[in-house]
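Engineer: got a predicted structure here, sequence first:
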Amino acid sequence: MSIHYPIDRLRNIGIIAHIDAGKTTLTERILYVSGRTHRVGNVDEGTTVTDWMAQERERGITITAAAITTTWKDTVTRESAQINIIDTPGHIDFTAEVQRSLRVLDGGVVVFDGVAGVEPQSETVWRQADRYRVPRICFINKMDRPGADVECALQMMVDHLGVTPLPVQLPIFDNDDFVGVVDLLEMRSLVFSSQPDEPPQVDTISESMLPVVTSARRALIERIAETDDVLLGKFLDGLSISTQELYAALRGATIANTLVPILLGSALHHKGIHPLLDAVVRYLPNPLEIVAAEGQHPVTGEREVRPPDAGAPFCGLVFKVVTDPFMGRLNYVRVYSGTLQAGARIYNATRQQEERFGRILQMYANKREDVATCTAGDIVGVIGLRHSFTGDTLCDALHPILLESIEFPAPVIQVAVKPPTQAESDKLMAALRKLADEDPTFVIGYNEQTRQTIISGMGELHLDIIVDRLKREFNVQCEVESPHAAYTETSTRRARAEGRYVHQTGGPGHYAIVRLEIEPLERGAGVEFENRANPLFVPPHFVPAIEKGVTDAMQEGELAAYPVTDIKVIVVGGRSHEVDSHKLDFEIAGSMAFKQAYQRAHPILLEPIMQAATRVPESYVGSIVSDFSARRGRVENIVLEAQSTYLVHASVPLAEMFGYVTDLRSLTSGRGTFTMEFSHYAPVDSAAAQEIIEARRVYVHTKRGGG
């Protein structure tokens, strides 16, 4: 298939929806009906083209966005187009795949379950599409299921999404069986065949439906006319409006996000696919009809614009990175302007490095076809980019531009991973880095205090898939542990102690006496060390050794072996011996003195407090407030946002937030989202502290080989 369709006949679209609404099934039918495949893939059987990963086929869900190209000729207007499709995940854990796809797409097909209507993730993907001003058409799927209700789904779109849905079809039922639709623009019936190869049969509208259809068509024309001054004048004057005029006006309203055309069908049973493809070509924009790519000069900061013109300077955005086991790193690039040949040099304006376009590929899920060039409007795979990552701008070095990057939500769940043996550690870290290169919402970290490698993601399923991919794709085994909160200790009062390390037996001896006192500091002050000892008794060259001994002792406090912080240590005196005193002696004495003083200073446990911001519909605010109270949290304020959505701000201990993402989804039927960041350390209440201390003592005893 040639990649060089004229730019005005390109459609770059995404299939987006809530999980299980039927996105992948719809994509498979589109590929079959358009002649791209010769066998219908099935999600349940694990034979789909777009869900090609082993984890996707086993679980029956889409995990990674897959790009596919096909072609279609509108059965009415006879306009043909190349359609670049990205099938996106529906599960909220993989929302980044939707985010980056929508950033580079020109249009979208939003799929709704005909029974469930607008579901939680439907709202999320709709907001994401709003952010990037992506024009959409909607496909109400599963119309053959009992309980499917078009009117209910439309009302939910108005209530939950705040949009103006425009049905261009009415359903036709025969004894409660969904058999076809009425095309309100062409005023004809389309009766679907049970054979996937056959287009719908065109028929006249039945007499029994005619009054309803006539009323619906008039309402349709009125809604379209309201978006166009010329048509509105005709409508008000009672003049006839041609179907071609309606098509043109509806296309303009769709691209302007004023109206959203609604189509009906059942993807599983091949119903409604032909009219939907017609609507993709007819109403969704080509690259010439969207806003030109805007950015800034990477040096001067001046505004730069790149029109969707093959003759303009090259400009593209990397929106996805994949590690291919055979080819290495594969970058997905949306080309906004210009033309580039395979093997050409290009400039990464984000990282200020020259790159080379090795091979250019037209993507077909996990398969690909080599092409010689890419041009404005194309979405291609590129091999050979060594330093380019998601969100990077690629451009002509003589005409640099920096496009807006892609923002991703922060990870909200963590687990700790460790290799089964130390020898596997490097292999594990290398595999984790490759996965982090692919996925901006997957973050690797290391907690010095708990000595754990921490991986963070968008949910439990997200991290389960990461661990599974480590084992299958990278042949790396790892153990998953629950993460620990990074507790610390501090003192609550002043205390003084003496450390004596004296061993004199006639030969070479050890002599060091250190007296010091400690006092608490404000939260967040850290550790201070001061020497006030008489240099005649504690020579200055021994003071650094005392400080080292104290610092080492602070790494494991006497309360629960957690690091000590927010404390001041003052050396007030001591004694040395001109022959038997050594630096190591004062290091040991300093450590002994600190431990004794710290035990007398009434130490307490401190825990990290997080600032959580939870966004939920109004009906769930009470449940969220109660849940934070149960987590030892404190709600600070509740802010009303748009469309009856509230933002609940709370400070809550990190230890109580493990697993919160799962609980939040349960509490809010999947409609809640949250972000969380570190705020400060605060004392743990006595009841909780005792449990933590006992558990920690058992853990430390075991780690030290106590059995």
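Structural biologist: Yep, it's here. Since the structure is predicted, the reported quantities are computational estimates derived from the model, not experimental observations.

Engineer: C-alpha only now, for contacts and for neighbours.
Structural biologist: Noted.

Engineer: any chance you could map the strands in the stretch 151-300 of the chain?
Structural biologist: For the stretch 151-300 of the chain, the strands defined by DSSP state E, counting those that start in this stretch cover 165-167, 169-174, 177-183, 188-191, 201-203, 260-264, 293-296.

Engineer: residue 369: how many residues sit nearby?
Structural biologist: 14 (other CA atoms under 10 Å).

Engineer: contacting residues for it?
Structural biologist: 361, 362, 363 (CA atoms under 8 Å, 6 or more residues apart in numbering).

Engineer: what does the helix or strand hosting the last one contact?
Structural biologist: The reference is to residue 363. Assigned by DSSP states H and E, residue 363 falls within strand 359-364. Strand 359-364 is contacted from outside by 3, 66-69, 341-343, 368-374, 379-384, using CA under 8 Å, 6+ apart.

Engineer: which of the contacts of residue 369 lies closest to residue 578?
Structural biologist: Closest approach between the contacts of residue 369 and residue 578, by CA to CA: residue 361, at 77.5 Å.

Engineer: for the closest one, name its beta-bridge partners.
Structural biologist: residue 370, residue 381 (DSSP bridges).

Engineer: tell me, how many residues neighbour it?
Structural biologist: Neighbour tally, residue 361, other CA under 10 Å: 24.

Engineer: just for the stretch 451-600 of the chain, where's the confidence low?
Structural biologist: 483-484, 506 (pLDDT under 70).

Engineer: which residue ranges of it form helices?
Structural biologist: Remark: helices assigned in the stretch 451-600 of the chain by DSSP state H, counting those that start in this stretch are 460-473, 543-554, 583-600.

Engineer: give the contact list for the residue nearest to residue 576 when sequence neighbours are not counted.
Structural biologist: What sits nearest to residue 576 in space, not counting adjacent residues and going by CA to CA, 6 or more residues apart in numbering, is residue 512, at 5.3 Å. Residue 512 is in contact with 500, 501, 502, 574, 575, 576, 577, 581, 582, 585, 586, 589, counting by CA under 8 Å, 6+ apart.

Engineer: likewise residue 140?
Structural biologist: Here residue 140 is in contact with 111, 112, 113, 114, 150, 153, 262, 263, 264, 265 (CA under 8 Å, 6+ apart).

Engineer: give me the buried entries from those.
Structural biologist: 111, 112, 113, 114, 150, 153, 262, 263, 264, 265 (16 or more other CA atoms under 10 Å).

Engineer: from the residues you listed, which single one is nearest residue 254?
Structural biologist: Closest approach to residue 254 among the buried ones among the contacts of residue 140 (CA to CA): residue 262, at 10.9 Å.

Engineer: which pLDDT value belongs to the closest one?
Structural biologist: You'll see residue 262 listed with a pLDDT of 97.

Engineer: ok, it touching residue 167?
Structural biologist: Yes - between residue 262 and residue 167 there is a contact under CA atoms under 8 Å: 4.5 Å.

Engineer: how far away from the center of its chain is stretch 182-192?
Structural biologist: 40 Å (CA atoms, centre = their mean, to the nearest Å).

Engineer: before we move on, what about stretch 15-24?
Structural biologist: 17 Å.

Engineer: quick check: end-to-end length of that stretch?
Structural biologist: Using CA to CA, to the nearest Å, the gap from the first to the last residue of stretch 15-24 comes to 8 Å.

Engineer: just to revisit the earlier point, nearest to residue 81, of the buried ones among the contacts of residue 140?
Structural biologist: Nearest to residue 81 among the buried ones among the contacts of residue 140, with distances taken as CA to CA, is residue 263, at 19.6 Å.

Engineer: contact partners for that closest one?
Structural biologist: 137, 138, 139, 140, 167, 168, 169, 272, 275, 276.

Engineer: looking at those, which are in helices?
Structural biologist: In helices, defined here by DSSP state H, the members of the contacts of residue 263 are 275, 276.

Engineer: now tabulate the contacts of residue 263 in CSV and tack on distance to residue 239 and pLDDT.
Structural biologist: Converted to CSV, the contacts of residue 263 look like this (distance: CA to CA, whole Å; pLDDT from 0 to 100):
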residue, distance to residue 239, pLDDT
137, 28, 97
138, 30, 97
139, 31, 97
140, 33, 97
167, 23, 97
168, 21, 97
169, 23, 97
272, 32, 95
275, 28, 96
276, 30, 96
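
Engineer: out of the contacts of residue 263, which are buried?
Structural biologist: Buried subset of the contacts of residue 263 (neighbour count, 16+ other CA under 10 Å): 137, 138, 139, 140, 167, 168, 169, 272, 275, 276.

Engineer: hmm, residue 295 is touching residue 399, no?
Structural biologist: No - counting by CA under 8 Å, residue 399 is not a contact partner of residue 295; they are 11.9 Å apart.

Engineer: higher neighbour count, these two?
Structural biologist: Each of residue 295 and residue 399 has its neighbours counted (other CA under 10 Å); residue 295 has more, 19 against 13.

Engineer: contact partners for the nearest residue to the more buried one once chain neighbours are set aside?
Structural biologist: Leaving out its chain neighbours, the residue that sits closest to residue 295 by CA to CA, 6+ apart is residue 403, at 4.3 Å. Contacts for residue 403 (CA under 8 Å, 6+ apart) come out as 293, 294, 295, 296, 317, 393.

Engineer: likewise residue 548?
Structural biologist: Taking CA under 8 Å, 6+ apart, we find residue 548 in contact with residue 587.

Engineer: picking that back up, could you single out the most deeply buried of the strands of the stretch 151-300 of the chain?
Structural biologist: Stretch with highest mean neighbour count among the strands of the stretch 151-300 of the chain: strand 260-264 (a mean of 24; mean count of other CA atoms under 10 Å).

Engineer: distance from that one to the middle of the chain?
Structural biologist: The answer for strand 260-264 is 28 Å, by CA atoms, centre = their mean.

Engineer: use 236 as the first number for this chain going forward.
Structural biologist: Understood, numbering begins at 236; the last thing we discussed is strand 495-499.

Engineer: neighbours around residue 585, how many?
Structural biologist: Neighbour number of residue 585 under other CA under 10 Å is 19.

Engineer: what does residue 599 give?
Structural biologist: Applying other CA under 10 Å, I find that residue 599 has 19 neighbouring residues.

Engineer: please apply the same query to residue 720.
Structural biologist: Residue 720: 18 neighbours (other CA under 10 Å).

Engineer: these two touch, right, it and residue 890?
Structural biologist: Yes - assessed by CA under 8 Å, residue 720 is found in contact with residue 890 at 5.5 Å.

Engineer: list residues touching both of those two?
Structural biologist: Common neighbours of residue 720 and residue 890 (CA under 8 Å, 6+ apart) are residue 843.

Engineer: sorry, back to before: would CSV of the strands of the stretch 386-535 of the chain with distance to residue 711 be doable?
Structural biologist: Converted to CSV, the strands of the stretch 386-535 of the chain look like this (distance: least, CA to CA, whole Å):
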stretch, distance to residue 711
strand 400-402, 49
strand 404-409, 52
strand 412-418, 50
strand 423-426, 53
strand 436-438, 55
strand 495-499, 46
strand 528-531, 41
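
Engineer: quick one: which of these is nearest residue 841?
Structural biologist: strand 528-531 (46.1 Å).

Engineer: what is the closest one packed up against?
Structural biologist: strand 538-541, strand 637-638 (3 or more CA pairs under 8 Å, 6 or more residues apart in numbering; DSSP states H and E).
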